[in-house]
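Trainee: No letters, just coordinates:
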């Protein structure tokens, strides 16, 4: 590993939580503005996390904090892998590992709310993980390699070859961010029928750890869109910002729906989008 | 600025709320909910209504403590992780209010837990509740 890539990796590890935290703060501010409220400051998520680190350590099962930490490390590792130009398939497996850690941590406590939240998260994972994998396969097909460095430097725009994959990735993005209409596993804004769903039993510093892990995840998911390079250089910077704002507007305009609805209305169209595009590319 | 001062400042800026309605007439609970609406907007102070005692910093009690709910209130308070504070909103939560003489009523929130801030009124105005919460926040910070 060269000196340059070490520096790049360290910068990414430090900047990503800052960017993710500001994105989460923008989310809360914009949500408040859309509901004609004044809203908390943009730096509010940082106050929340710092406060949580100052709270009493408490857990039901020792495995819950262990898996919370593993969730953070796996998300950080996934981001590092992306920034240093690793393998796209390996990235997918590390992302899945992070998700599994969150679910196992939630299942560790004998709590009906966190258990139901974890069950629903598993159902969601069954929906979007194959979608995400086939999106990665499509990207690799269009670019001719699974190597992220090679994909980023591939000639032509992947977006033009794989536009429906871009749409499918947006669906995955909405689900992974726990935004309406898919916020039935854990909701950030208001309490819901499952209290805090999958996050119910993470308390104090370990909730803060999960939150920071989620910030890494937001940044990584936004970076995935840049692989498509839709509108050249500026598009690489603007598209993640525009998509994030779009997610926030969708979150505030649609109601929460059930997992059955998601299975019917998201899984099947998602598969149709990706497989139609893969078939078209193969022809 | 030391680390503990940074954490204390953050505590004052992000108190998460757990609302508990004891045996009251629901008037105070409605005023508490009014605080969360766009007109009063509690979230501008970073206050979030969590509904999960494990995540909460402030326990906002309305209504009286009676023979049925004093255990529930104690349990909720014990489940909260420290630092934790209790705010009693309304006459009933402060002293028992008009229900004080009822046979099943023990009195105000202080019959079950130690109350840090009392908010008077029957029901208190949303502005008064917000003022009470912010006084509790000053104790956190």
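Mentor: Here it is on my side, so go on. Note that the coordinates shown come from a computational prediction; the quantities given were computed from them, not determined experimentally.
Trainee: three-state assignment of residue B:53?
Mentor: With DSSP: H, G, I helix; E, B strand; the rest coil as the basis, residue B:53 sits in coil.
Trainee: give me the number of residues near the spatially closest residue to it that is not a sequence neighbour?
Mentor: Nearest in space to residue B:53, with sequence neighbours left out and distances taken as Cβ to Cβ, 6 or more residues apart in numbering or on different chains, is residue B:79 at 4.0 Å. Bear in mind the C-beta positions are built from the backbone N, C-alpha and C, glycine included. Neighbours of residue B:79 under the rule other Cβ atoms under 10 Å in any protein chain shown: 16.
Trainee: Quick check: phi and psi on residue B:19?
Mentor: As for residue B:19, its main-chain torsions (degrees, to the nearest 10) stand at phi -90, psi 130.
Trainee: can you check residue B:96 too?
Mentor: With angles defined as degrees, to the nearest 10, residue B:96 sits at phi 110, psi -20.
Trainee: now residue A:87
Mentor: Torsion angles, degrees, to the nearest 10, at residue A:87: phi -100, psi 140.
Trainee: now swap in residue A:147 and tell me
Mentor: Torsion angles, degrees, to the nearest 10, at residue A:147: phi -80, psi 120.
Trainee: what do you get for residue B:65?
Mentor: Backbone geometry at residue B:65, expressed as degrees, to the nearest 10, gives phi -100, psi 130.
Trainee: Report the beta-bridge partners for it.
Mentor: On the basis of DSSP bridges, residue B:65 is bridged to residue B:107.
Trainee: Could you check how far it is from residue A:104?
Mentor: In this view, residue B:65 and residue A:104 are 40 Å apart by Cβ to Cβ, to the nearest Å.
Trainee: Does the residue nearest to residue B:53 touch residue B:52 like I think?
Mentor: No: assessed by Cβ atoms under 8 Å, residue B:79 is found out of contact with residue B:52, at 9.0 Å.
Trainee: what does chain B put close to chain A?
Mentor: Neighbours of chain A within chain B, by Cβ under 8 Å from any Cβ of the partner chain: B:4, B:6-11, B:13-14, B:38, B:41, B:43-46, B:49-52, B:54-55, B:57, B:81-83.
Trainee: Now, of those residues, which are buried?
Mentor: Buried residues within the residues of chain B next to chain A, counting neighbours by 16 or more other Cβ atoms under 10 Å in any protein chain shown: B:6-8, B:10-11, B:13-14, B:41, B:43, B:45-46, B:49-52, B:54-55, B:57, B:81, B:83.
Trainee: Which of these fall within strands?
Mentor: Counting by DSSP state E, these place residue B:49 in strands.
Trainee: need the helices for chain B, in chain order.
Mentor: For chain B, the helices defined by DSSP state H cover B:3-13, B:27-35, B:70-79, B:91-95, B:126-140.
Trainee: can I get the ones you listed in a markdown table with mean pLDDT?
Mentor: Shown next, in a markdown table, are the helices of chain B (pLDDT from 0 to 100):
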| stretch | mean pLDDT |
| --- | --- |
| helix B:3-13 | 87 |
| helix B:27-35 | 91 |
| helix B:70-79 | 92 |
| helix B:91-95 | 91 |
| helix B:126-140 | 91 |
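Trainee: Low-confidence bits of chain A, can you list those?
Mentor: Applying pLDDT under 70 to chain A flags the ranges A:1, A:186-193, A:232.
Trainee: Residue numbers of it in contact with chain B?
Mentor: Counting by Cβ under 8 Å from any Cβ, chain A sits next to chain B at A:28, A:32, A:35-41, A:44, A:46-51, A:53-56, A:58, A:190-191, A:195-196, A:200-201, A:203-204, A:207.
Trainee: Check which element follows the host helix or strand of residue A:126 along the chain.
Mentor: Counting by DSSP states H and E, the element that carries residue A:126 is helix A:112-143. Using DSSP H and E, the next helix or strand after helix A:112-143 towards the C-terminus is helix A:148-152.
Trainee: Distance from that next one to the middle of the chain?
Mentor: 21 Å (Cα atoms, centre = their mean, to the nearest Å).
Trainee: Return the set of buried residues in that helix.
Mentor: Residues of helix A:148-152 classed as buried: A:148, A:151 (neighbour count, 16+ other Cβ under 10 Å).
Trainee: And that helix, what does it pack against?
Mentor: Packing partners of helix A:148-152 (3 or more Cβ pairs under 8 Å, 6 or more residues apart in numbering or on different chains; DSSP states H and E): helix A:88-108, helix A:112-143.
Trainee: One more pass at 7 Å, please.
Mentor: Secondary-structure packing of helix A:148-152 (3 or more Cβ pairs under 7 Å, 6 or more residues apart in numbering or on different chains; DSSP states H and E): helix A:112-143.
Trainee: Wait, residue A:180 touches residue A:256, no?
Mentor: Yes: the pair residue A:180 / residue A:256 is scored as a contact, 5.4 Å apart, by Cβ atoms under 7 Å.
Trainee: The most centrally placed residue in chain B: what's it in contact with?
Mentor: Centroid check for chain B by Cα atoms, centre = their mean gives residue B:60 as the closest residue, at 1.4 Å. Counting by Cβ atoms under 7 Å, 6 or more residues apart in numbering or on different chains, residue B:60 touches B:17, B:18, B:19, B:32, B:87, B:89.
Trainee: What about the residues you listed, which one has the most neighbours?
Mentor: Of the contacts of residue B:60, with other Cβ under 10 Å as the count, residue B:89 tops at 31 neighbours.
Trainee: ok, and the closest non-adjacent residue to that residue?
Mentor: Residue B:89's closest residue in space is residue B:119 (Cβ to Cβ, 6+ apart), at 4.4 Å.
Trainee: where does that neighbour land on pLDDT?
Mentor: We have a pLDDT of 93 for residue B:119.
Trainee: Enumerate every residue touching it.
Mentor: B:87, B:88, B:89, B:90, B:128, B:129, B:132.
Trainee: ok, now with 8 Å
Mentor: Going by Cβ atoms under 8 Å, 6 or more residues apart in numbering or on different chains, residue B:119 touches B:87, B:88, B:89, B:90, B:93, B:94, B:128, B:129, B:131, B:132.
Trainee: again with residue B:33
Mentor: By Cβ under 8 Å, 6+ apart, no residues touch residue B:33.
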